[in-house]
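Undergrad: Below are the sequence and a predicted model; questions follow.
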Amino acid sequence: MEKDFLALDTVVTCVFNYPQCFDAEEYAHLYTPLRRERIARASLASVKMQSAAAELAYLAARKLAGIGDGGACYSYAENGRPVISGGFISMTHTEGCGAAAVSSVPVGVDAEKLRDLDLRIAQRMLIKDELAVLDRADDKPGTLLSYWTAKEACAKLSGEGIPALSRLSYDRGQGSVYDAAGGKTYSVDQRRLALSNPFGEVLLAVCTERSAAHILAVFNDAETIAAYVEAHGDSRNA
């Protein structure tokens, strides 16, 4: 790990709530080569924006974490999990938002726009006790998304993805996810954030293998996050 990286057990998460007018190609000179290729291959403008937003969030998180320019590029493991030399990263995006976490400990991040869901999916991803909580909840879509983001962040950390969700249990009060198969308990930091109009709100979950200090930065326009990424000097003192 680079000598100027974050202190042990610390996670830096950056969120870019992009506006409707966000032009993904305008900031292509900032992206890593891998991300430029992915954005170029995307056929839908909405997909390009989400992918670019996650990339800018990653670059901002890397800078805030104090990783030198040599650590900008990442690759993907066979299970699709992004990897970086000297630390851990995770990225996610949804309509109106891209987010990324850079950490000294294994990390998974998920963001979901708050919206109505088909509650039938709860039968496939929630355990019995969670279904009971959902049944009593006044805000069922929000409650289901709370479980979804926490479990998805944990599944991203492990690299297992969607198949792992049904065996995970999320304790919303304790902020932890328990994996019955592996006998492990993960720590989850979950927050509700406002998005740029007209996107509404997003639920963000950051999962780590153990309790960690969380640093969160939120950017609401492309000019600000791009200027931050390009700024010289120690960003932690900016």
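TA: Arrived safely.

Undergrad: Please make it C-alpha for all contacts and neighbour counts, starting now.
TA: Noted.

Undergrad: How about the contacts made by the residue lying closest to K151 once chain neighbours are set aside?
TA: Distance criterion CA to CA, 6 or more residues apart in numbering; nearest residue to K151, sequence neighbours excluded, is L165 at 5.8 Å. L165 sits next to M125, L126, W148, K151, E152, A155 when contact means CA atoms under 8 Å, 6 or more residues apart in numbering.

Undergrad: Tell me if I'm right that the second one and S169 touch.
TA: Spelled out, that is L126. Yes: counting by CA atoms under 8 Å, L126 touches S169, with 7.4 Å between them.

Undergrad: Point out where the chain drops to low pLDDT.
TA: Within the chain, the stretches with pLDDT under 70 are 1-7, 68-72, 232-238.

Undergrad: what do you get if the cut-off is 80, keeping everything else the same?
TA: 1-8, 67-72, 78-80, 86, 161, 163, 196-199, 232-238 (pLDDT under 80).

Undergrad: Name the surrounding residues that touch the longest strand seen in it.
TA: Longest strand in the chain, counting residues (DSSP state E): strand 184-194. For strand 184-194, contacts defined as CA under 8 Å, 6+ apart pick out 150, 154, 175-179, 200-212, 214.

Undergrad: In this structure, mark out all the strands, start to finish.
TA: Ranges of strands within the chain are 10-16, 75-76, 82-83, 88-94, 97-103, 107-113, 168-171, 176-179, 184-194, 201-208, 213-219, based on DSSP E.

Undergrad: In CSV: those strands, plus distance to M49.
TA: Supplementary listing: the strands of the chain in CSV, determined by distance: least, CA to CA, whole Å:
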stretch, distance to M49
strand 10-16, 11
strand 75-76, 20
strand 82-83, 19
strand 88-94, 9
strand 97-103, 9
strand 107-113, 15
strand 168-171, 31
strand 176-179, 31
strand 184-194, 18
strand 201-208, 16
strand 213-219, 15
